[in-house]
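Student: 3D model of this:
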Amino acid sequence: MAAPAVPVEVVEAEQAAPARKSKKKLFVVVGALVILLGGGAGAWFFMQGGHDTKTAEAPKVPVYLPLDTFTVNLQGAEQFLQTDITLQVADASQADAIKVHMPRVRSRLLTLLSSKQADELATAADKKKLAQEILAQVKQPFDPNGKPQQVDDVLFTTFVIQ
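Tutor: Next up is the predicted model:
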């Protein structure tokens, strides 16, 4: 017996229905993958902070070298200056180099400080100027052909004029 004839339109409709379902599934899966990958990439970028980690360096820890107290007579009146000075240097090797030559450093600074008058040290601007002068004295090479010291800052920890 021969099978009954099925109209062509019915056969095409049955074959087309599964194809549409599989295309819909494919679009959903691809869409979900795009969202997941995009979210993962976004999360990675956010966690990295949005900057290049190769160029990030740890901040350099400052090296301080406190000097012994200076007490000098000031010019002009019968007044004296007592001050404690701390130097901020580039690194520990610079601090060691200055320590080796401490008598020369103290001599330079005592000469500078004792050449001042009380009215030259009254304001904050005067103290800032003095700090620059001290910096220049400490940076001078200890040897005639030597390199200057790497001193970054001069800090007054006490400053008393009487």
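Student: and the residue sitting nearest the centre point of the chain, helix, strand or coil?
Tutor: Centroid-nearest residue in the chain, with C-alpha atoms, centre = their mean: Pro59, separated by 4.3 Å. Following DSSP: H, G, I helix; E, B strand; the rest coil, we place Pro59 in the coil state.
Student: next one: Leu81
Tutor: strand.
Student: if I pick it, what's in contact with it?
Tutor: Phe70, Thr71, Val72, Leu74, Leu113, Lys116, Ala118, Leu121, Phe159, Val160, Ile161 (C-beta atoms under 8 Å, 6 or more residues apart in numbering). Any C-beta I mention is one placed from the backbone N, CA and C, and that applies to glycine too.
Student: farthest pair in those?
Tutor: Spanning the widest gap among the contacts of Leu81 are Phe70 and Ala118, at 15.0 Å by C-beta to C-beta.
Student: Could you check which of those two has the larger neighbour count?
Tutor: More crowded of Phe70 and Ala118, by other C-beta atoms under 10 Å: Phe70, with 18 against 15.
Student: Neighbours of the closest residue to that one other than its chain neighbours, how many?
Tutor: Closest residue to Phe70 apart from its sequence neighbours, by C-beta to C-beta, 6 or more residues apart in numbering: Thr83 at 5.3 Å. Residues lying near Thr83 (other C-beta under 10 Å) number 21.
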